[in-house]
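[1] Sequence first, predicted model second:
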Amino acid sequence: MSEGQSRVLDVGNCDPDHAAIHRLLTENFDVAVDRVMFVDEALKQMRENRYDLVLYNRLVFDDGTEGIELVLRAKREEALESVPVMMISNYPEAQAASVAAGGVSGFGKNALSDSSTLDLLSACLPRK
């Protein structure tokens, strides 16, 4: 990771979705992308590393856990409460619940190629 490089944590996405998200991020932003599959792992990584953005799946792929648990738990910890946490979901009601819980506005997997998605990500990550 270079000195000025941003860091993103991808939480709970399956292999094909992670690959698409990783590609979107690395093609448009100077980022290093870490990946974990569970909420507890994500919180541990967030405590041990500085992340400019945490992206999480609405449902954690490996165990079906509600991803919003990550937002709810992170926002209760003083050291993590300022980390931007963004849901990846095509469902507007899930996005609204994430924002209400303290997350930042996210996007759906169907919108990975939309310019509006890059705009949302640009609020947390500097573009190339």
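    Looks like it arrived, so ask away. Predicted, not measured: the structure shown is a model, and the values here were computed from it.

[2] which SSE is Tyr8 in?
    Tyr isn't right for residue 8; it's Val. Using DSSP states H and E, Val8 sits in strand 6-11.

[3] contact partners of that strand?
    With contact meaning Cβ atoms under 8 Å, 6 or more residues apart in numbering, strand 6-11 is reached by 1, 18, 21-22, 25, 29-39, 41-42, 45-46, 49-57, 60, 67, 70, 124-126. The C-beta positions use only the backbone N, C-alpha and C, and glycine is treated the same way.

[4] How many residues are close by Thr26?
    By other Cβ atoms under 10 Å, the residues close to Thr26 number 14.

[5] ok, the closest residue in space to it that isn't next to it in sequence to Ala94 distance?
    Distances taken as Cβ to Cβ, 6 or more residues apart in numbering put Val33 closest to Thr26, at 6.8 Å, once the chain neighbours are dropped. Using Cβ to Cβ, to the nearest Å, we find Val33 at a distance of 22 Å from Ala94.

[6] so what's the residue nearest the centre of the chain up against?
    For the chain, the residue nearest the mean C-alpha position is Leu55 (0.7 Å; Cα atoms, centre = their mean). Counting by Cβ under 8 Å, 6+ apart, Leu55 touches 8-11, 13, 21, 86-88, 106.

[7] Would you mark the buried spots in the very next helix or strand once past the strand holding Val8?
    Going down the chain from strand 6-11, the next helix or strand is helix 15-28, by DSSP H and E. Neighbour counts over helix 15-28 (16 or more other Cβ atoms under 10 Å) mark 17-18, 21-22, 24-25 as buried.
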